[in-house]
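Engineer: Dropping the sequence and predicted coords here.
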Amino acid sequence: DVKVTQSSRYLVKRTGEKVFLECVQDMDHENMFWYRQDPGLGLRLIYFSYDVKMKEKGDIPEGYSVSREKKERFSLILESASTNQTSMYLCASIPGPSSYEQYFGPGTRLTVT
Amino acid sequence: SQQGEEDPQALSIQEGENATMNCSYKTSINNLQWYRQNSGRGLVHLILIRSNEREKHSGRLRVTLDTSKKSSSLLITASRAADTASYFCATDANTGNQFYFGTGTSLTVIP
């Protein structure tokens, strides 16, 4: 079974802190994604990556950056956390460009105070 | 935005009844997928239907796709309490590996 893990289930940070959310998949998937999920808004794509060191902006990249130094790991970085970044963050991966079924991690519920 | 919308936003039924939820989207697609999310957890893939298919079955799930109306429906037959979850549709919008999720339907199955 594909396993996608996220570094924390719950995280509380203060405004202005730099926050790292990490995602690791163990099935050699090429593409990885970061979403945020908010009530009434569904899932919105922040960034995705189709290869090591490659990244593409999604619909809401402002205030976020990403890093993919190794194929299995995709990190989401909040350079200076703000209260409007309080949300559920979900990581997902797919095997490659001709694949569609996404495998999701359990999510990180981030609260910024 | 390509983001889809599910309808209804919330649905409550008795165990054993059927549950139907709908998804509408805005642009042409290669395929449409349905996912389930249990409370506070990640999403789990349920079923994929391609744009040239009209209906697909998987166990108690039946999905239909009407590309002329840009809509899809998910039917869960003989519902169980364990089906209580949120259900999301996702499309790829012919843009490669970027996926657009709807806002979700929250299903409650009462034992």
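Structural biologist: Okay, I see it.

Engineer: which parts of stretch B:32-52 are buried?
Structural biologist: For stretch B:32-52, a neighbour-count test (16 or more other C-beta atoms under 10 Å in any protein chain shown) marks B:32-37, B:41-43, B:45-49 as buried. Every C-beta, even on glycine, is put in place using the N, C-alpha and C of the backbone.

Engineer: Return the member of these nearest to residue A:90.
Structural biologist: Proximity of these to residue A:90 (C-beta to C-beta) peaks at residue B:42, which lies at 5.9 Å.

Engineer: Let me know the distance separating that closest one from chain A.
Structural biologist: Relative to chain A, residue B:42 is positioned 4 Å away (C-beta to the nearest C-beta, to the nearest Å).

Engineer: so who does that residue touch?
Structural biologist: Going by C-beta atoms under 8 Å, 6 or more residues apart in numbering or on different chains, residue B:42 touches A:4, A:90, A:92, A:104, A:105, A:106, A:107.

Engineer: Distance check, it against residue A:63.
Structural biologist: Distance of residue B:42 to residue A:63, computed by C-beta to C-beta, to the nearest Å: 23 Å.

Engineer: Likewise for residue B:15?
Structural biologist: Relative to residue A:63, residue B:15 is positioned 43 Å away (C-beta to C-beta).

Engineer: Burial check on residue 69, number of neighbours?
Structural biologist: In the absence of a named chain, chain A is used. For residue A:69, the neighbour count with other C-beta atoms under 10 Å in any protein chain shown is 9.

Engineer: meant chain B, my bad for not saying
Structural biologist: Counted with other C-beta under 10 Å, residue B:69 comes out at 8.

Engineer: Repeat that for residue A:55.
Structural biologist: Residue A:55: 18 surrounding residues under other C-beta under 10 Å.

Engineer: could I have the host helix or strand of it exported to CSV, CA atoms only?
Structural biologist: Residue A:55 belongs to strand A:54-57 when assigned by DSSP states H and E. The C-alpha coordinates for strand A:54-57 follow below in CSV (Å, rounded to 0.1, in the frame of the first residue of the first chain):
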residue,chain,number,x,y,z
MET,A,54,10.6,21.3,-9.8
LYS,A,55,7.6,23.1,-8.5
GLU,A,56,4.5,24.8,-9.9
LYS,A,57,2.2,27.3,-8.3
